[in-house]
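Enquirer: Turn this into a structure:
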Amino acid sequence: MASWNGRVVYIDGFAGPGKYSMGEDGSPILVLKAARDHTYPMKAELVCIFVEDDLQRYRHLKNVLDDLSPTLPGRIKWEAVHGRFDEHLTNALNVIEAQKKNLAPAFVFIDPFGFSHTPFKTVSKVLGNSRCEVLVNFMYEEVNRFISLEEHAENFDKLFGTPEWRSVRNLSGPSQRQRAIHDLYLKQLKTCARYVHSFEMLNKGNSTDYFLFFATNNLKGLEKMKEAMWKVDDTGSFQFSDHTDARGLMSLFSAHPNLAPLREAILKNFKGRQVKIEILRDWVIAETEFLPKHLKVPILAPMEDSGELSVVSPAPKRRKGTFSDGTILKFS
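Expert: Numbers count the residues shown, from 1 in each chain. Coordinates of the predicted model:
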């Protein structure tokens, strides 16, 4: 974002105390240190807004941020706000809308303590700004535990932005219920964002604790977030487990993911068609679990060798198995 904008904004909707009881940095400190220490020569102004509703946590956060401030360059600015995320952000967006202005390019992190104060209408309002991206910590374990209790019905209406969640109550199978809850929130995000992707987080018992949903209207934003997810789970399952990490089993993940599904998807969608390499690359980012690095050498080159694809009007000096921009592919 900062490479082509003079100002970018980071909003932490549930900032917490800044540091926790064992001395661990909270998200506000992690973000500021990452921006301060990053090797990318960012010249844009970074404005960080940390919203915290609990007064004691807010005061602790403010003190921690004050201590860190002398180490920050002048282009990094921050503001701690005492209040509720949904109210503060809605009011701010209403003012911007009334002034007929647009919010600066923003990354909004929504990491609640539960599910009561993250109404979908607020998320939707943020994504109504085309240059804004949202990362939502969707607290699946709590949602699943309380979704059958009628006293929480109003909260779930707000969380999902639709009464459709009520149909989940009739599902008894754990995996079926989990898929239904996940897919409903995914569907809702897709009503206000062009690209949506999720990442599953499992607890020490190896059961689903929460989902991270990333929503953006920018394909490059989606690509960068997927790159980050692949770094955490190089199998392409987009899953992390505290259970396996605690036992030191992360190394059991294969460094060579199964690319057969990508090959099958390409043949299913493009068999008998011609397509530019750039369009195919964007399709891989937007419509599959994979990244562009999984496309040319691992998939397209072997397909050309086997005769499953050919290059239309190749350049005179083109080497077989290479696919530069502008290349048109024809799938048999």
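Enquirer: If you count neighbours, what's buried in stretch 136-156?
Expert: Neighbour-count burial for stretch 136-156, counted by 16 or more other CB atoms under 10 Å, picks out Val136, Asn137, Phe138, Met139, Tyr140, Glu142, Val143, Asn144, Ile147, His152, Asn155, Phe156. No exception for glycine: its C-beta is placed from N, CA and C like everyone else's.
Enquirer: Tell me the one among those nearest to Pro316.
Expert: Closest approach between the buried residues of stretch 136-156 and Pro316, by CB to CB: Val136, at 50.5 Å.
Enquirer: Identify the residues contacting the closest one.
Expert: Residues near Val136 by CB atoms under 8 Å, 6 or more residues apart in numbering: Ile110, Thr118, Val123, Leu189, Leu212, Phe213, Phe214, Ala215.
Enquirer: How about the third one, nearest residue that isn't a chain neighbour?
Expert: Put plainly, it is Val123. Spatial nearest neighbour of Val123, chain neighbours left out: Val134 (5.9 Å); criterion: CB to CB, 6 or more residues apart in numbering.
Enquirer: isn't Pro163 right up against Asp157?
Expert: Yes - with contact defined as CB atoms under 8 Å, Pro163 counts as touching Asp157 (6.0 Å).
Enquirer: between the two, which one's more packed in?
Expert: In this view Pro163 and Asp157 are compared by other CB atoms under 10 Å, and Asp157 has more residues nearby, 16 against 10.
Enquirer: ok, now how distant is that one from Val232?
Expert: Taking CB to CB, to the nearest Å as the measure, Asp157 falls 33 Å from Val232.
Enquirer: got it, and Thr288?
Expert: 18 Å.
Enquirer: Compare those two (neighbour count), which wins?
Expert: Taking neighbours as other CB under 10 Å, Thr288 and Val232 compare with Thr288 leading, 17 against 14.
Enquirer: just checking, that one touches Leu262?
Expert: Yes - counting by CB under 8 Å, Thr288 does reach Leu262; the two are 5.9 Å apart.
Enquirer: Show the average pLDDT along whichever strand or helix holds Asn155.
Expert: Asn155 belongs to helix 153-160 when assigned by DSSP states H and E. On average, the pLDDT along helix 153-160 is 95.
Enquirer: What is the burial count for Arg177?
Expert: Arg177: 16 neighbours (other CB under 10 Å).
Enquirer: check contacts around it.
Expert: Shown in contact with Arg177 (CB under 8 Å, 6+ apart): Asn144, Val168, Leu171.
Enquirer: how about it, secondary structure?
Expert: At Arg177, secondary structure determined by DSSP: H, G, I helix; E, B strand; the rest coil is helix.
Enquirer: Please apply the same query to Glu133.
Expert: strand.
Enquirer: any idea how far Phe331 is from it?
Expert: Taken as CB to CB, the span from Glu133 to Phe331 is 33 Å.
Enquirer: Of those two, which one has the most company?
Expert: Neighbour comparison, Glu133 and Phe331: the larger count goes to Glu133, with 24 against 18 (by other CB under 10 Å).
Enquirer: ok, the residue lying closest to that one once chain neighbours are set aside - contacts?
Expert: On the basis of CB to CB, 6+ apart, the spatially nearest residue to Glu133 that is not a chain neighbour turns out to be Thr216, at 4.2 Å. Thr216 makes contact with Glu133, Val134, Ala193, Arg194, Tyr195, Leu222, Met225, according to CB under 8 Å, 6+ apart.
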